[in-house]
Structure formats: structure tokens, C-alpha cells
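> return a 3D structure for these sequence lines:
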Amino acid sequence: MDEEGVLTEPATITIATAAPTAFTIPLYMAAAGYESFERRNLTVEIVNMPGVDSYPLMATGQLDGNYSAPDVGMFNSINSGSDLAVVAPTQIQADDAVDGLYCRVDEMGGKDFSWEMLRGKKIGSSQANRGVSMIQIAENLKAAGVPVDEVEVVQMSTSDQVAALENGALFCGLIQEPITAVVEKAGHATFSARQMEPGFPNGSIAFGKSMLRDHPEVGFAFVAALAELYRDELQGEWLRGKEAYFAELLGQPQDALEQMTTPTYTLPLAFPTGYAATFDETWRNWDDLLQYDTPLAESDVIDDRFMTFANDLLARN
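Have a look, this model is predicted:
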């Protein structure tokens, strides 16, 4: 690999993600042969699987990485010595984003939403209580004096949550744009609270053994190419006027993308201070999730070599 992250020999990196959604637009652009990847002799292949299923494969080198978000299993595996780390952030919700908690209108009885309403209720989440979406949930429940064990968090795909909100099986569901438009149109549930605190990334790129130890040069090339994509294609109102292209890329309805707010991709690449600690503190609200007592250090969870390389390249170019 040269100083620009161009690989000497062609290479392929295999990245897992749950599904082609607006969240994964940069990854699907990379897989389609975006210039910054092609120039670095790097082919990106996508495997569709949930993040929770990808971490064991990443730890053993059977899968290079994922485009998802940290979960409890990842932290437990890192504590046990597995080669796993997050290496770059993904998108941040727009200030006016409506991703988040959607609750049934009839069960709120004409009142404004309050966190106290969740006491004794079921809410849906694609990662149950093991993922990034619980950060805001746990924080707001604590502020309202509602113990987390008084709210049942049910693991359920987003599409199943939409159906469960309609038939009353859930009081609330965690729904992301652009599917939020479907829920609002149906009228059974309404936006009640944001999914993420402002400025906190929705997800991350994580690497396993093959990128962290065996072939880090491929990982450097990937993150450098991704940072260029963020800079050149995903700044400002980047979604507007390109909905047709992204709809075709993802196989998603164009009208749904047209109703989305535009996520932010910040540069230089960086995670918020206390990123790992935020997850650790959240998951300790449930007694049975983390299998260790001493919190992981930020450096145990974040391998910043790849961001440093990419940021240095951006600064020079």
C-alpha cells in the first residue's frame, strides 16, 4: 500500500449489514464501485446479516467487518480477548430527523407522550435491549424514575414492529426513516421521542481479525476511501435531487427517500468522547447483559489507526 492507501494488489473486503436501507447508502455506493474504492484496487462485497450474527464470524476472520452498531455481544467478546473493534462512525441524525420511538395514539388517550407511559408496556427494537437505540431509552426512563425492568423490550424487525403497532401488540416501536412515513400515514402511532441524542452516531464500521491483524492495509484503504466518499458525496443536503439514484441503488421506493431528512456525515472522522463508556453505562441498567465488571477502555473498543490514516489523507488533499 502506498501513502495514499492504494493497494499494490487488488483486494476484496467483505462487509456485513442487515439490509439495504438509507442508513447503508455509503456502503452500497462502495459496493457499486465508487471511484475512491476503485482507485485503491479495492472491491467491496456485502453480506446481508444482522450485526449480532456477524461479530463471531469477524472474530475468527471469516468475515472482514460490518456496517452496523456496537452491541452487547461485541463488548463481551472484546472483554474475552476477541479481535473486534469499531474503526469509523457512520451517519448522525439530522436535527429535524423523525427516527425514533413511535407510540400508539389510542393507548396515549389523547395525552402528550411521557416516559411514565412506558411502565408495564411492550416496546419493539430490532436489537432488543442490546443495541445503540437503548442509550436514549434508558437515559429517559431513568430521568422519569421508571426502572428499565418495568418496560418489556421485544426484539422485532422494523417491518414486524410496523405491523405490531397496527394490531396493538406493541405500545411503541423504534422506527427509522423512511419507514417512519409509512407509520405516520397509517395513523395508528405517532412520533414520540428521538432515537439518538444530537451528535451521536447511529452506527459504526467495525473490523474483525482479518482487518485488525492479518491485512490491516486493506482496512486502511477501505476507511480512507470511505472518508473521501463522505467528503465528496455526502455533505450538506446531499440526498436532495438524488433520490432516484439512491432508490435504484438500494431497491427502495423513491417516494420514501423523498420524505427523509438528510443525515450528516461529519469530518474529520471521530467518535464522541466517552463513546464506549456510553454503551457500557446503558447496558449496565440490565443485570444480565454485560459479562464483566470493569468497564472496557475506549481504546479496547475503538481502533483509531484507520481514522487517523484517513483523516491525515483528507488534510493533505
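> in whatever helix or strand Ala276 lives in, which residues are buried?
Secondary structure assigned from DSSP states H and E places Ala276 in helix 275-283. For helix 275-283, the neighbour count (16 or more other Cβ atoms under 10 Å) marks 275-276, 278-280, 282-283 as buried. In this view, the C-beta of every residue, glycine as well, is placed from N, C-alpha and C.
> for stretch 48-64, same thing?
Residues of stretch 48-64 classed as buried by neighbour count (16+ other Cβ under 10 Å): 49-52, 54-59, 61, 63-64.
> A strand includes Ala16, no?
Yes. With DSSP: H, G, I helix; E, B strand; the rest coil as the criterion, Ala16 is assigned to a strand.
> I figured Val52 hits Ser126, correct?
No. Counting by Cβ atoms under 8 Å, Val52 stays clear of Ser126, with 9.8 Å between them.
> which residues touch Thr12?
Thr12 makes contacts with 42-45, as judged by Cβ atoms under 8 Å, 6 or more residues apart in numbering.
> can you point out the buried residues in the longest helix along the chain?
Longest helix of the chain, by residue count under DSSP state H: helix 216-233. Judged by neighbour count (16+ other Cβ under 10 Å), helix 216-233 contains these buried residues: 216-231, 233.
> Ser159 sits in which helix or strand?
Using DSSP H and E, Ser159 falls in helix 158-167.
> how about the helix or strand just after that helix as PDB, C-alpha atoms only?
Beyond helix 158-167 on the C-terminal side, the first helix or strand identified by DSSP H and E is strand 172-175. Output of strand 172-175 as PDB, limited to C-alpha atoms (Å, rounded to 0.1, in the frame of the first residue of the first chain):
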ATOM      1  CA  CYS A 172     -44.200   1.700  21.000                       C
ATOM      2  CA  GLY A 173     -41.700   0.700  18.300                       C
ATOM      3  CA  LEU A 174     -38.300   2.100  17.300                       C
ATOM      4  CA  ILE A 175     -38.800   3.100  13.700                       C
END
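> how far is strand 172-175 from where the chain is centred?
Chain-centre distance of strand 172-175: 16 Å, with Cα atoms, centre = their mean, to the nearest Å.
> show me what that strand is in contact with.
99-104, 118, 121, 123-126, 133, 156, 158, 161-162, 164-165, 183, 189, 192, 195.
> cool, and stretch 244-258?
For stretch 244-258, using Cβ under 8 Å, 6+ apart, the contacting residues are 20-22, 24-25, 28-29, 32, 178-179, 181-182, 239, 243.
> buried set for the helix or strand harbouring Ala256?
Under the criterion of DSSP H and E, Ala256 resides in helix 254-258. For helix 254-258, burial by neighbour count (16+ other Cβ under 10 Å) applies to 256-257.
> over to stretch 155-170?
Going by neighbour count (16+ other Cβ under 10 Å), the buried part of stretch 155-170 is 156, 158, 160-162, 164-165, 169-170.
> could you export the residues you listed as a markdown table, including distance to Leu289?
Putting those into a markdown table (distance: Cβ to Cβ, whole Å) gives the following:
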| residue | distance to Leu289 |
| --- | --- |
| Met156 | 18 |
| Thr158 | 22 |
| Asp160 | 22 |
| Gln161 | 21 |
| Val162 | 27 |
| Ala164 | 23 |
| Leu165 | 26 |
| Ala169 | 24 |
| Leu170 | 21 |
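> closest to Asp293 out of those?
Distances from Asp293 to the buried residues of stretch 155-170, taken as Cβ to Cβ, are shortest for Met156 (30.7 Å).
> still on that earlier bit, CA atoms of the helix holding Ser159 as PDB?
Extracted as PDB, the C-alpha positions of helix 158-167 are listed here (Å, rounded to 0.1, in the frame of the first residue of the first chain):
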ATOM      1  CA  THR A 158     -38.800  -3.000  11.800                       C
ATOM      2  CA  SER A 159     -41.400  -4.400   9.400                       C
ATOM      3  CA  ASP A 160     -42.800  -6.500  12.200                       C
ATOM      4  CA  GLN A 161     -42.900  -3.500  14.500                       C
ATOM      5  CA  VAL A 162     -45.000  -1.600  12.000                       C
ATOM      6  CA  ALA A 163     -47.500  -4.500  11.900                       C
ATOM      7  CA  ALA A 164     -47.400  -4.800  15.700                       C
ATOM      8  CA  LEU A 165     -48.200  -1.100  16.100                       C
ATOM      9  CA  GLU A 166     -51.200  -1.500  13.800                       C
ATOM     10  CA  ASN A 167     -52.600  -4.600  15.600                       C
END
